[in-house]
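Chemist: Take a look and give me a structure for this.
(one chain, ligands or ions: 2)
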Amino acid sequence: MSHRIEPAPSARAKCRGCGERIAAGELRFGESLPNPFADGEMTLWFHLDCAAFKRPEPFLETLEGRSEPLEGQERLASEARQGIVHRRLPRIDGAGRAPTGRAQCRSCRAPIDKGAWRIALVFYEEGRFAASGFVHAGCAQAYFETIDILPRVRRFSPGLREEDLAELQAELDRPVAPEA
Ligand SMILES: [Zn+2]
Ligand SMILES: [Zn+2]
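Modeler: Ligands and ions are numbered 1, 2, ... in the order given. Have a look, this model is predicted:
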């Protein structure tokens, strides 16, 4: 079996990208991988948006291989392309205010102050996403090479309100000063 896009036959599968269930009838992306525990293959399921954000290469290849376009095709393809051009973008797993001052930024290596906005990262390896620390919102440009990240943040931190996103945008726009 190869990667595929198909309607979910039931609501049983959870999306690997966001952890939420995929509704019955909704289109989903299936990434086919060798099964590490047995012969044959296993399939990882994703919402289309989550696949565009977190698995851009196999998703785009599958999307472009379809004979008929699907709803939102251009937007999904464009987000996936962004994640291929800017190789660290697929690591984005949401954003929030730091609950403590203990985490160190993976970009500038300075501590992230308690209460400061930070972007959460996951690294993908062999079918698994592992939580992999944080970067300052102000380090987004340096780390991701772009600050056009709000669609990803909204997707993976659905609890954020518009005012939160406005605060985050303000910090994205204000780069962290390099250490003197
Ligand atoms: Zn999802
Ligand atoms: Zn930083």
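Chemist: from here on, contacts and neighbour counts on C-alpha atoms
Modeler: Noted.
Chemist: got a list of contacts for the helix or strand in which Pro58 is found?
Modeler: For Pro58, the enclosing helix or strand under DSSP states H and E is helix 56-65. Applying Cα atoms under 8 Å, 6 or more residues apart in numbering, the contact partners of helix 56-65 are 3-5, 29, 31, 51-52, 73, 77, 79-81, 83-84, 90.
Chemist: Buried ones in it, by neighbour count?
Modeler: Pro56, Glu57, Pro58, Phe59, Leu60, Thr62, Leu63 (16 or more other Cα atoms under 10 Å).
Chemist: what does stretch 25-35 give?
Modeler: So for stretch 25-35, counting by 16+ other Cα under 10 Å, buried means Leu27, Arg28, Phe29, Gly30, Glu31, Ser32, Leu33.
Chemist: Quickly find the element holding the third one.
Modeler: Using DSSP H and E, Phe29 falls within strand 27-34.
Chemist: tell me the angle that strand makes with helix 56-65.
Modeler: Strand 27-34 and helix 56-65 are oriented at 120 degrees to each other (axes from the mean of the first three to the mean of the last three Cα atoms, to 10 degrees).
Chemist: Return the set of buried residues in the helix or strand just after strand 27-34.
Modeler: Next along the chain after strand 27-34, taking DSSP H and E as the criterion, comes strand 41-47. Residues Met42, Thr43, Leu44, Trp45, Phe46, His47 are the ones in strand 41-47 that count as buried (16+ other Cα under 10 Å).
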